[in-house]
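**Student:** sequence and computational prediction follow.
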Amino acid sequence: MLRALAQESPMGIVGLDASGTIVAWNPGAERLFGYGEAEIIGKAIRDLLGPDAEVDPGALLAELDTQSPPPFSTRCGRKDGEHFHCEWQIRALRDENGNVLGRAAFVRDTTEVTDTRAMLAAERTFIRRMLDNTPLVLWSTDEKGIFTLSDGAGLRALGFAPGEVVGMSAFDLYRDVPEILAAIRAALGGSQQVTLAQAGGASWECRYIPIRREEGGPVEGVLGVAMDVTERIEAERTLRQQLDLIAQQEGAIRTLSTPIVRVWDGVLALPLVGTIDAARAERILATLLDAVVSEQAHYVILDMTGIDAVDATTADHLFKVLRALGLLGTSALVTGVNPGVATALVGLGVDLGSVMTLGNLAEALRFVMKRRAAKPRRAPAPSS
């Protein structure tokens, strides 16, 4: 029966003599190491250990005469050269008089367990470093809202130490913060929540995640992650203020680039300064036509004193404005054309014959007044 048990055991069983030489080998050991019984009998236990094993088999075997050494784990080598983790437990075999007959090593493959432990240890180290070095709070409650976990460097800003609130009720602790209470209740009801709350003089982005043992199962608590986002909120506020300022400045620049002036009843003046590109021409046209309609202007004076040079593109934009004014029935007067601009317009083949041009703004105003004075007045209606 004992022989059958040794043969069928899933664990590797290795028989050793007093010097550590292998004298017995079960099928379980063959599956672990890849050696057949004929190949391994007579070899030493050290032949099964990896080159980096921190175990002295000789010292370990010597301990067996007085005590049972604890199990140890180490890397072992298979016949094909592959290495794996295994756990060894060595016991002395004695007769009924207590004399040592030999030794037995019980070996099992712990590669999966060892790798899992290493992965979990790395994850724990990562989480620990994250909690200790980021403005983060990680917490959890049970189904009644009692804290079961409270950790993270962010607790310092709230005036708490890690684990200090464990056992306390979240509903009591945050009774003055209604948005947090509402989010916890919603999470206990099965709905994941995200809130932005103020606490401890800081802004916190909080996530509330329902805890379920299995998908679709009952909610057994809430997992919470809170991040101090004060710097981000301040940066966003500063950015919005800067964007608002830029928008105001752009509006002021647009206004200055099209300074329409009401110089008289029904008469508008637009001083043109600098270069007129396509985008500015569109703004001038839209702003000027709106002003003509709102003011019911009959005359628009385009003063070109501030324009030193004209190319074909500028001339085309200018005449688009003049044609649009004509479609509205508004008379356009062009003033301030200097000799250089006049020469450039003639060189470009621009016909100014259909456009009323005057020397300056004062002449344009006198022209408008004369036109209005010469216009016949309507006779008064007969009285009854």
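**Tutor:** Yes, it's here.
**Student:** okay, buried residues for stretch 303-311 please.
**Tutor:** Using 16 or more other CB atoms under 10 Å as the test for burial, stretch 303-311 gives 303-304, 307, 310. For every residue, glycine as well, the C-beta is placed using N, CA and C.
**Student:** actually stretch 135-155, not the one I typed
**Tutor:** Within stretch 135-155, the residues scored as buried using 16+ other CB under 10 Å are 135-141, 145-147, 149-155.
**Student:** try stretch 156-173
**Tutor:** Buried, per 16+ other CB under 10 Å, within stretch 156-173: 157-158, 160, 162, 165, 170, 173.
**Student:** so can I have TSV of these showing secondary structure?
**Tutor:** Formatted as TSV, these follow (DSSP: H, G, I helix; E, B strand; the rest coil):
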residue	secondary structure
157	helix
158	helix
160	coil
162	coil
165	coil
170	helix
173	helix
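**Student:** and the residues you listed, which two are furthest apart?
**Tutor:** For these, with distances taken as CB to CB, the pair at the greatest spread is 157 and 170 (17.8 Å).
**Student:** in a markdown table, list the buried residues of stretch 156-173 along with pLDDT and distance to residue 86.
**Tutor:** As requested, these are exported to a markdown table (pLDDT from 0 to 100; distance: CB to CB, whole Å):
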| residue | pLDDT | distance to residue 86 |
| --- | --- | --- |
| 157 | 78 | 48 |
| 158 | 80 | 48 |
| 160 | 85 | 45 |
| 162 | 88 | 38 |
| 165 | 89 | 44 |
| 170 | 91 | 47 |
| 173 | 86 | 50 |
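**Student:** as JSON lines, the residues you listed with distance to residue 81 would be great.
**Tutor:** Shown next, in JSON lines, are the buried residues of stretch 156-173 (distance: CB to CB, whole Å):
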{"residue": "157", "distance to residue 81": "55"}
{"residue": "158", "distance to residue 81": "56"}
{"residue": "160", "distance to residue 81": "54"}
{"residue": "162", "distance to residue 81": "47"}
{"residue": "165", "distance to residue 81": "54"}
{"residue": "170", "distance to residue 81": "57"}
{"residue": "173", "distance to residue 81": "59"}
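**Student:** and of these, the nearest to residue 113?
**Tutor:** Checking the buried residues of stretch 156-173 against residue 113 by CB to CB gives residue 162 as the nearest, at 29.6 Å.
**Student:** with adjacent residues omitted, what lies nearest to the closest one?
**Tutor:** Distance criterion CB to CB, 6 or more residues apart in numbering; nearest residue to residue 162, sequence neighbours excluded, is residue 151 at 4.8 Å.
**Student:** which stretches of the chain have low pLDDT?
**Tutor:** 50-54, 57-67, 247-258, 274-278, 308, 348-354, 375-384 (pLDDT under 70).
**Student:** any idea how far the closest residue to residue 158 other than its chain neighbours lies from residue 222?
**Tutor:** The shortest distance from residue 158 to any residue other than its chain neighbours is 4.4 Å, reached at residue 200 (CB to CB, 6+ apart). Taken as CB to CB, to the nearest Å, the spacing of residue 200 relative to residue 222 amounts to 20 Å.
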